[in-house]
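> sequence unknown, structure follows:
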């Protein structure tokens, strides 16, 4: 009889410890990422694009991910002074550094590009659609603009 009580008590303690272990959250050391969704404007006369967050405020070290749900090929273009871009942004995926700052590769539907902001400041960008046929005189069409505000 006492052996049975001991076994039941042991099971209760094990279940209690298991419950405590599962309910005690582990603090994640991973950096935070924010998502900006590029959407199509429904019922627009021509294909139009919008950002779900035009102005986003983040802390230093935050990465921002753009996900394209517009159904079109788009690019993200930052037009900041070279020094500001090279110092303020790193850890990028799907971006390349060009003379006017960072420009994303073409982002297909459901594709993503991301960059991490590591200094405080305001970073303005444009969402552009490249021309159907590339030539020296054609330019990208700006379809949306946004701003990332990085605080301490």
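Great, that's in hand. Because the structure is a prediction, the values reported are computed rather than measured. Numbering: from 1, shown residues only.
> From the centroid of this structure, which residue is nearest?
residue 65 (1.6 Å; C-alpha atoms, centre = their mean).
> Let me know the pLDDT of the nearest residue to that residue once chain neighbours are set aside.
Closest residue to residue 65 apart from its sequence neighbours, by C-beta to C-beta, 6 or more residues apart in numbering: residue 114 at 4.2 Å. Where C-beta positions appear, they are placed from N, C-alpha and C, glycine not excepted. Listed pLDDT for residue 114 reads 95.
> now the one 4 residues further on
We have a pLDDT of 88 for residue 118.
> I'd like to know how many residues surround it.
15 (other C-beta atoms under 10 Å).
> And it, how close does it get to residue 72?
Remark: distance between residue 118 and residue 72 (C-beta to C-beta, to the nearest Å) = 31 Å.
> Residue 40 now?
Residue 40 is 7 Å from residue 72, by C-beta to C-beta.
> Same check on residue 151?
32 Å.
> Residue 20 too?
51 Å.
> With neighbour numbers in mind, choose between these two.
A count of neighbours by other C-beta under 10 Å puts residue 72 above the other of residue 20 and residue 72, at 18 against 9.
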